[in-house]
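K.L.:
Show me how the following folds:
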Amino acid sequence: MQTVKMVITGPFSAGKTEFIRAISEIEVVSTDQQITSAAEKLEKPSTTVAMDFGRITVDDDLVLYLFGTPGQRRFDFMWEILAEGMLGFVVMVDSAKPETFREAKSILETFRAYAPTPYVVAANKQDHPDAWAAEDLRIALRIEDGVKLLPCVAKDKESVKNVLLELLYSILEEMDKQ
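P.N.:
Residues are numbered from 1 along each chain as shown. Reported below is the predicted structural model:
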């Protein structure tokens, strides 16, 4: 049995927890805490402080372990711990919040520094009326052409599955080169 560790990262409120919940075959292990900041509470009532964990059995030979990171910088000490042993990662971007794009790019660069593993960028909230198109996000985030930037709706299982399959294909391609 082969296990693949994937990390789901991105800024606060980008949809990481929702992404894992949409597809995990087990109840997601979550370390959410109530938010006390009035400004952040307007967006959502809780935040991940350590990690989210989900699992997907692809077939008899392959299981994916999904680790969601906290999105707030004050919990970034967890990022390196969660990145250890990952074979790939997804950077979630809230397509409807351009004010978070710089933070998403910074998180992407941080994770690239942890390990030279394959990654994809998920342009989340594509169902939102203010969502930027994936190709516009590519320009805004200065994502190279070879990097997969995928439209996503984190609440939609098929959308999440597509993002994870694209990452898995990238991981398998990388393993074949070695």
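
K.L.:
When you work out contacts or count neighbours from here on, use the C-alpha atoms and nothing else.
P.N.:
Fine.

K.L.:
Relative to Ser159, how far out is Gly54?
P.N.:
According to C-alpha to C-alpha, to the nearest Å, Gly54 and Ser159 sit 16 Å apart.

K.L.:
do Gln72 as well
P.N.:
Separation of Gln72 from Ser159 (C-alpha to C-alpha) stands at 25 Å.

K.L.:
quick one, which of the two is more surrounded?
P.N.:
Of the pair Gln72 and Ser159, Ser159 is the one with more neighbours under other C-alpha atoms under 10 Å, namely 19 against 15.

K.L.:
Now the longest helix along the chain: average pLDDT?
P.N.:
If each helix of the chain is counted by residues according to DSSP state H, the longest one is helix 157-177. The pLDDT scores in helix 157-177 average 93.

K.L.:
give me the low-pLDDT residue ranges for this structure?
P.N.:
Scanning the chain for pLDDT under 70 picks out 31-50.

K.L.:
now the strands for the chain?
P.N.:
Ranges of strands within the chain are 2-9, 29-34, 46-59, 62-68, 88-94, 119-124, 148-151, based on DSSP state E.

K.L.:
Which of those sits closest to Phe101?
P.N.:
Checking the strands of the chain against Phe101 by C-alpha to C-alpha gives strand 88-94 as the closest, at 7.0 Å.

K.L.:
and the closest one, how far from the chain's centre?
P.N.:
3 Å (C-alpha atoms, centre = their mean, to the nearest Å).

K.L.:
Contacts for stretch 68-85 next, please.
P.N.:
Stretch 68-85 is contacted from outside by 5, 7-14, 16-17, 20, 47-53, 67, 111, 114-115, using C-alpha atoms under 8 Å, 6 or more residues apart in numbering.

K.L.:
Name only those of these that count as buried.
P.N.:
Listed as buried from the contacts of stretch 68-85 are 5, 7-14, 16-17, 20, 47-53, 67, 111, 115; burial here means 16 or more other C-alpha atoms under 10 Å.

K.L.:
ok, and what's touching stretch 137-154?
P.N.:
15-16, 18-19, 22, 95, 101-102, 105, 119-127, 133-135, 159-160, 163, 166.

K.L.:
Burial check on Glu166, number of neighbours?
P.N.:
Applying other C-alpha under 10 Å, we find 16 residues neighbouring Glu166.
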